[in-house]
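1. Next comes the sequence, and after it the predicted model I'd like to discuss.
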Amino acid sequence: MKIMMNSGSVFLRYLLPLALTLAAGCHPMKGPERLKKCSSIEDAIRQREEVQFLCLDNASLTGIPVADLSKMPRLVQLSARKARLAGIPPDISDLKGLAYLDFSQTGIKSIPDSIGKMSNLRQLRLSGNELQGLPAGIGGLVSLTYLNLDRNKLASLPPETGKLANLKWLRLNGNQLTGLPPEIGGLVNLERLYLEGNKLKDLPAEAGKLKKLTDLDLGGNQLTAFPPCVLQLQKLARLDLDANMLTGLSDDIGKLTSLKVLSLRGNRLSEEAKDRIEQLLPDCLVIF
């Protein structure tokens, strides 16, 4: 790996913030702390008036007993990570008080359209599953700020995804996306967008409307040219273009004055192109 360093104190100015950014990308925030927690359905039923967090991680479940859970007035967090599930029951929407829902690595293949009725949901984690699509109802999650769909089998996103106007973090690494819908421009509060390991050849022009975006990961895709819409993202601080098919970048890359880290490993850049990029971004850590 060759790193072009354009100023002193690289670690303090760039590598340390980058490390913190990467760590935050995996763990955006801790779950609610000091909640009344139960680790079994039976225990939660016994304490249904008090339980706030039901953790069923790694449990052997035949299903989610929504009828019982809906009688828990203070329940705000439900996690069934790595608990094998046949699917998410349509009546999951009866849990209207939930703010945090984690069904990661449960083997689910679909999401019921009714999930859109969970208007108080703020974090939804569905990574490591077998999802091939999302329902139109996803657009009803108006309070959602964090959505993790890493490592599924998504080939496309429904237009309704663009209705998630409060979304700040969207993780779609390791899917099969060949494109994004133009409605993606409706995510006006999005700050971090992770798209590593897909099949993207370009981004829609509407992605340029993501004016609050600070982190964009497009590594491991099929880009042969720099997406012009990225030049409109004036708050962008970190851009990952690793393992694409780029041979150069437009001179307009210099307009991204907030950019602090640009990673271009595994592309087809000549030494001349690398030197030019370095000149255009004198205050940015460029990684070749």
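-> Perfect, I can see it now.

2. Closest to the centroid, which residue in this structure?
-> By C-alpha atoms, centre = their mean, the chain has its centre lying nearest to residue 171, at 1.7 Å.

3. Any idea what that residue is bridged to?
-> residue 148, residue 194 (DSSP bridges).

4. Which pLDDT value goes with residue 11?
-> Residue 11 carries a pLDDT value of 42.

5. Secondary structure class of residue 107, three-state.
-> coil (DSSP: H, G, I helix; E, B strand; the rest coil).

6. Now do the contacts for it.
-> By C-beta atoms under 8 Å, 6 or more residues apart in numbering, the contact list for residue 107 reads 84, 85, 129, 130. For the C-beta atoms, the positions are set from N, CA and C on the backbone; glycine is no exception.

7. buried subset of the residues you listed?
-> If you count burial by 16 or more other C-beta atoms under 10 Å, the buried members of the contacts of residue 107 come out as 85, 129.

8. Show the pLDDT at the nearest residue to residue 114 once chain neighbours are set aside.
-> Nearest in space to residue 114, with sequence neighbours left out and distances taken as C-beta to C-beta, 6 or more residues apart in numbering, is residue 93 at 4.2 Å. In the predicted model, residue 93 carries a pLDDT score of 96.

9. Residue 93 and residue 117 touch, don't they?
-> Yes - the criterion here is C-beta atoms under 8 Å, and residue 93 meets it with residue 117 at 3.9 Å.

10. Just want to know which of those two has more residues nearby.
-> The residue with more neighbours, out of residue 93 and residue 117, is residue 93; 22 against 16, by other C-beta atoms under 10 Å.

11. Can you point out the buried residues in stretch 153-173?
-> Going by neighbour count (16+ other C-beta under 10 Å), the buried part of stretch 153-173 is 154, 156-158, 160-164, 167-173.

12. Counting only strands, which of these make the cut?
-> Judged by DSSP state E, strands contain the following of the buried residues of stretch 153-173: 169, 170, 171.

13. residue contacts, the second one?
-> I take that to be residue 170. By C-beta under 8 Å, 6+ apart, the contact list for residue 170 reads 147, 149, 187, 190, 192, 193, 194.

14. and the closest residue to the fifth one other than its chain neighbours, how many neighbours?
-> In space, residue 192 comes closest to residue 215 once its chain neighbours are excluded; the distance is 4.2 Å by C-beta to C-beta, 6+ apart. The burial count assigned to residue 215 is 21, neighbours taken as other C-beta under 10 Å.

15. Residue 215 and residue 132: what is the separation?
-> 27 Å (C-beta to C-beta, to the nearest Å).

16. Ok, residue 59 next?
-> Residue 59 is 25 Å from residue 132, by C-beta to C-beta.

17. Check residue 161 too.
-> Counting by C-beta to C-beta - residue 161 and residue 132 are separated by 15 Å.

18. and which of the contacts of residue 107 is nearest residue 104?
-> Among the contacts of residue 107, residue 129 lies closest to residue 104 (C-beta to C-beta), at 7.3 Å.

19. I'd guessed that closest one sits against residue 109; true?
-> Yes - between residue 129 and residue 109 there is a contact at 7.3 Å, judged by C-beta under 8 Å.

20. returning to what we had before: does the residue nearest to residue 192 really touch residue 196, like I thought?
-> No - contact criterion C-beta under 8 Å: residue 215 and residue 196 do not qualify, at 11.5 Å.

21. Tell me where the stretch 101-250 of the chain has strands.
-> Along the stretch 101-250 of the chain, the stretches classed as strands by DSSP state E, counting those that start in this stretch are 123-125, 146-148, 169-171, 192-194, 215-217, 238-240.

22. Save those strands as TSV, and put in mean pLDDT and distance to residue 177 too.
-> Conversion of the strands of the stretch 101-250 of the chain to TSV gives the following (pLDDT from 0 to 100; distance: least, C-beta to C-beta, whole Å):
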stretch	mean pLDDT	distance to residue 177
strand 123-125	98	18
strand 146-148	98	14
strand 169-171	98	12
strand 192-194	98	12
strand 215-217	98	13
strand 238-240	98	16
